[in-house]
Every structure is written in structure tokens, then in C-alpha cells.
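> Attaching a predicted model along with its sequence, questions to come.
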Amino acid sequence: MNVLVTGGTGFTGSALVLRLLDAGHSVVSLDHQPGLDAGKLRARGARLVTGSVTDAPLMQRVTQGVDFVFHLAAAFRELDVPDTHYENVNVDGTRNALEAALQNGVSRFVYCSTCGVHGNVAHPPADEDAPIAPADYYQRTKYEAEPIVRAYGKRGMSTVILRPAAIYGPGDPERFFLLFKRVAAGTFPMFGNGRTLYHPLYIDNLVDAFMLCLDPTRGEGGTYLIADQDYCSIEELVQEVAKSMGREPAIRHYPIGPLIVAGHLCESICKPIGIRPPIFPRRVDWYRQNRAFDIGRARRELGYAPTVDLREGLRRTAQWYVDTGMLPEGTLAHEPHLSLQS
């Protein structure tokens, strides 16, 4: 099929583009920046277009002749922009993509939302019908686009919504890197009791879920939480990161109250003057907001079955950080595995 992937040069998008190419599909990747893997994607046969989903005429052009759209483009960790930027990209940009897809006869539109729309999970594990309680402008705008997707689904175009958990893996330049970096330093600061629940999602498992959506008999009109098989506490996650590196860091506990205040204060000072704050509420939320989910609906209706567990996923990720020089040689205390660069 002819497939468009918006956000196609990002961490998740590039992994999906490569899998689609491996499966024999023709792929157009749209992103507002070239991305680290642009050369690799182009060499493998993807057509790369630089531009924004906020550009409605551009969306009309890139959806012409397309059978299938994976809409991954989003404003995510952009901290030196006004809140309206998130609205423009995550809501208006999604509407642009949907309208163009409908007008150009796209058969299916898959929208990548986020598990964050559920906010802090009061009664874990949460399923798709759990309360919607977004905690910030990113989560709020990602959820605001969901009913728009469903509305277009009622106009004759097949739609699916996926809500991924915390994505990580080789190719991730920052999401889990700080965990590995702190563990490598030998001491990990844990604010709070460390029992907050966290649900990781290895990149290959997420791409498996996307690929299942290519089957028109699966997921029609549905909304699905996508995560690894198991969730854990954040302290257990740190311990597993340490095991993947062959290390035993000291985990030191500190009260979380001052960190919450510091996060809000830094953001309120830095955002108006366009400076990226060193600490911000979303980062603090990692220590205190439960994220634990029931993936039963995705199993039953999509046939989703995560194959890479946390220990193996972290091992591959640690090796990738070393292979790419993000962590220095010798960081992994155990016998090194084969390079993942190839």
C-alpha cells in the first residue's frame, strides 16, 4: 500500500517507517524537521517531506494517492513555546490531516494518542474506559483530537486510536537516557517513596501494534491502550535499568514536595522568556503519577501480543546508548553484546 506517516522521522515514526518499508509498502514520511535517521530512511526508499501538519494545503498534497495514514506528528516536549502551539499542532494539525485524508480517499487513519489522557491512574490498572484526566497541555490536546478522529470515522473513513504507554528503546535520544545516565553515575535520586507505578512500552512492541492496524478487519473505530505485558514501580524500573548495565547504584530517597514547587516555579519563570526550564511539572510527575494499564482490549480485538519484555528491552537500549556514544565505552559492567548499530 501507499502509506503516509506524519512525524515520520522522529523516534517512533522512523521505527514505523522502516518496518513498513521492510513489509514492502511505499512510504511517505512527513515531519517538520529532517530527524537523525533521515538519511537512513531515504536510503531505504522512503520519500521524505519536510513540513508541518498545520499546513492544510501541504496535507492535501501529501495524502494524494495514499491508502493509509499513521498520524504520529505531535508537539510533545517543546517547552519554549506557548501553550497555543500544542493546540495548533495536536488539535488543528490532526483535523487538517483527517480532512485531507477524507477528501483524498484514504481508507484508514490511525491516530497515535497517549496513555497520558488518563492522568494519574487512581485504580490501577486502567483500561480504555477509565476516567479521562489529562494533567497538562500535551495530554489535554492529544485527547481533544480523539473525538475529532471519531467524528471523521462516522463520515466513511476507517479510524483507529492507539494510546501508547511510555515508549523506549534503541533510537530514543532522551526519554530513558536520563535513567541510564544517572545509574551510570552510581547514585540515583528518588523523590518520594519510589512505589509509583510505571508502564513501559518497548518500541518494537508499539510498532507491532501499528502494523496490526493495517488489517482492515481489526480495530475498526476502536481505541486501544498499548503497553508492555507488565508494569512496575519506578524504583523497580531503576533497578532493572541497573541490571541491564551490570551496575548497583545507590538509590537515595528525598521528599518530593520541594521538587513539585521547583518544577512549577522554573516553568513559570522560563516559559515567558522562551528558555527551556531545567525542571518542569511533567518531569516531576514521573515520581508521583501512577501509570499502569490493562491491555486486554488490544489483545482481544487487535491481536496485540508484546514480545519483548522489560529486561531484554533495557539490555538492547543500554547497548545502543553505548554503541552510539551517548554513554561511554566501559559503562556496561558486564560482557558487551553484539553491536546493535547494524
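Looks like it arrived, so ask away.

> burial measure for the closest residue to M1 other than its chain neighbours, as a count.
Distances taken as CB to CB, 6 or more residues apart in numbering place D67 nearest to M1, at 4.2 Å, with adjacent residues excluded. Bear in mind the C-beta positions are built from the backbone N, C-alpha and C, glycine included. Using other CB atoms under 10 Å, D67 is surrounded by 16 other residues.

> hang on, D67 packs against V106?
Yes. In this structure D67 lies within contact range of V106 using CB atoms under 8 Å: 6.6 Å.

> Could you pull up the contacting residues of S26?
S26 makes contacts with 1-3, 45, as judged by CB atoms under 8 Å, 6 or more residues apart in numbering.

> Show me where the stretch 51-200 of the chain has its strands.
For the stretch 51-200 of the chain, strands defined by DSSP state E, counting those that start in this stretch occupy the ranges 68-71, 108-112, 158-164, 166-168, 187-191, 197-198, 200-202.

> Quick one: closest of these to E267.
With CB to CB as the criterion, E267 lies closest to strand 187-191 of the strands of the stretch 51-200 of the chain, at 16.7 Å.

> residues of the closest one that come out buried?
Using 16 or more other CB atoms under 10 Å as the test for burial, strand 187-191 gives 188, 190-191.

> swap in stretch 190-198?
So for stretch 190-198, counting by 16+ other CB under 10 Å, buried means 190-192, 194, 196-198.

> Can you pull out the residues in contact with that stretch?
121, 124, 166, 231-235, 237-238, 251-256, 259, 284, 286-292.

> Give the burial count for I234, as a bare number.
22.

> nope, G51 is what I meant
G51 has 16 neighbours, counted by other CB under 10 Å.

> which one of the contacts of S26 is nearest C270?
Of all the contacts of S26, C270 sits closest to V3, with 38.7 Å by CB to CB.

> wait, is that closest one part of a strand?
Yes. Per DSSP: H, G, I helix; E, B strand; the rest coil, V3 lies within a strand segment.

> I'd like the strands of the stretch 51-200 of the chain laid out as JSON lines, including distance to R299 and mean pLDDT.
Shown next, in JSON lines, are the strands of the stretch 51-200 of the chain (distance: least, CB to CB, whole Å; pLDDT from 0 to 100):
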{"stretch": "strand 68-71", "distance to R299": "21", "mean pLDDT": "98"}
{"stretch": "strand 108-112", "distance to R299": "18", "mean pLDDT": "98"}
{"stretch": "strand 158-164", "distance to R299": "14", "mean pLDDT": "98"}
{"stretch": "strand 166-168", "distance to R299": "19", "mean pLDDT": "96"}
{"stretch": "strand 187-191", "distance to R299": "33", "mean pLDDT": "94"}
{"stretch": "strand 197-198", "distance to R299": "20", "mean pLDDT": "98"}
{"stretch": "strand 200-202", "distance to R299": "14", "mean pLDDT": "98"}
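
> Those into a markdown table, with extra columns for distance to F177?
Listed next are the strands of the stretch 51-200 of the chain as a markdown table, based on distance: least, CB to CB, whole Å:
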| stretch | distance to F177 |
| --- | --- |
| strand 68-71 | 25 |
| strand 108-112 | 21 |
| strand 158-164 | 18 |
| strand 166-168 | 9 |
| strand 187-191 | 14 |
| strand 197-198 | 16 |
| strand 200-202 | 14 |
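
> quick one: which of the ones you listed is nearest A298?
strand 158-164 (8.2 Å).

> Name the residues of the closest one that come out as buried.
Quick answer for strand 158-164 (16+ other CB under 10 Å): 158-164.

> Repeat that for stretch 228-248.
Buried positions in stretch 228-248, judged by neighbour count with 16+ other CB under 10 Å: 228, 231-245, 247.

> now the most centrally placed residue in the chain: how far from M190?
Closest to where the C-alpha atoms of the chain average out (CA atoms, centre = their mean) is I167, at 4.8 Å. Using CB to CB, to the nearest Å, I167 is found at 22 Å from M190.

> What of F177?
Note on F177: its distance to M190, by CB to CB, is 18 Å.

> Equivalent analysis for E236, please.
For E236, the distance to M190 - CB to CB - is 11 Å.

> Likewise for L259?
The value you get for L259 to M190, if CB to CB is used, is 11 Å.

> joint contacts of the two?
Contact criterion CB under 8 Å, 6+ apart; residues shared by L259 and M190: Y287.
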